[in-house]
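# What follows is a predicted structure for the sequence shown.
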Amino acid sequence: MINCPVCDASVSEQDDVCSECGTTLTPAKPLDPPQADSPVLETPITDPPDAEVEATDATPAEEPTPTVPSSTDIDPAPQPAPVTNGSARIVFRSNGVATSEAFPIHGNQVVIGRFDPESGPVDIDLGRLPASAIDHISRNHAEITKDPMGRWLLKDLATKNGTFLRSVGQAKWERVASEQASPIQNGDEIAFGNVQFEFHVD
């Protein structure tokens, strides 16, 4: 049984209307069962990591990959003079044209110049050329050597009029230093003072 909310009369729970006062009865909503408190999960407190960590425990940072320059960015190295094992000679040039006057180079080192009673003979004596051609040639004018690698080298012997070289394909003459020998190859032009020759290797 329940009581009418208006007249407080006792009525059946199945009745929709109070038999005493006619009030419509609204069934009482059942109370929701009390919710159980959710358990609070406590996060375990851990000790802070040791400040002193050995460097070996740390993961090393990846090193950047070095950039490799392309082949187009690299200047090609100068090509060395070709190695030759044949005999060599210098050929006298007159008015820019090679003549039949040739001076063989014997051995791996020769001094080029002209004979003088005081300094003595030289390996290649240019004194047999016309007098007008040898006025600017010193007694010991230049040296041609062949190194262990088979390359031919030209060196000036500190002369006043100088030794000059014009390599194959070049338009200008270059003075040969007395401190350092210059490589020469087949077909190069050599000048002792103003006397010109061609260098040839067989």
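Nice, thanks for sending it over.

# count of neighbours near E189?
Neighbourhood size, E189 [other Cβ atoms under 10 Å]: 21. For every residue, glycine as well, the C-beta is placed using N, CA and C.

# can you pull the contacts of it?
Neighbouring residues of E189 by Cβ atoms under 8 Å, 6 or more residues apart in numbering: R93, L165, R166, W173, Q196, F197, E198, F199.

# Helix, strand, or coil at the second one?
I take that to be L165. strand (DSSP: H, G, I helix; E, B strand; the rest coil).

# Enumerate every residue touching it.
L165 makes contacts with L154, W173, E174, R175, V176, S182, I184, D188, E189, I190, A191, as judged by Cβ under 8 Å, 6+ apart.

# let's see it at 10 Å
Residues in contact with L165 (Cβ atoms under 10 Å, 6 or more residues apart in numbering) are 154, 156, 173-176, 182-184, 188-191, 199.

# Equivalent analysis for the last one, please.
With contact set as Cβ under 10 Å, 6+ apart, F199 has these partners: 88-91, 105, 144, 152, 154, 165, 167-168, 184-190.

# Look up the closest residue to it, ignoring the ones flanking it.
D188 (4.8 Å; Cβ to Cβ, 6 or more residues apart in numbering).

# what stretches of the chain score poorly on pLDDT?
Applying pLDDT under 70 to the chain picks out residues 6, 9, 11, 22-23, 25-85.

# Quick check: the residue nearest to F199 vs V91, distance?
Between D188 and V91 the distance is 11 Å, computed by Cβ to Cβ, to the nearest Å.
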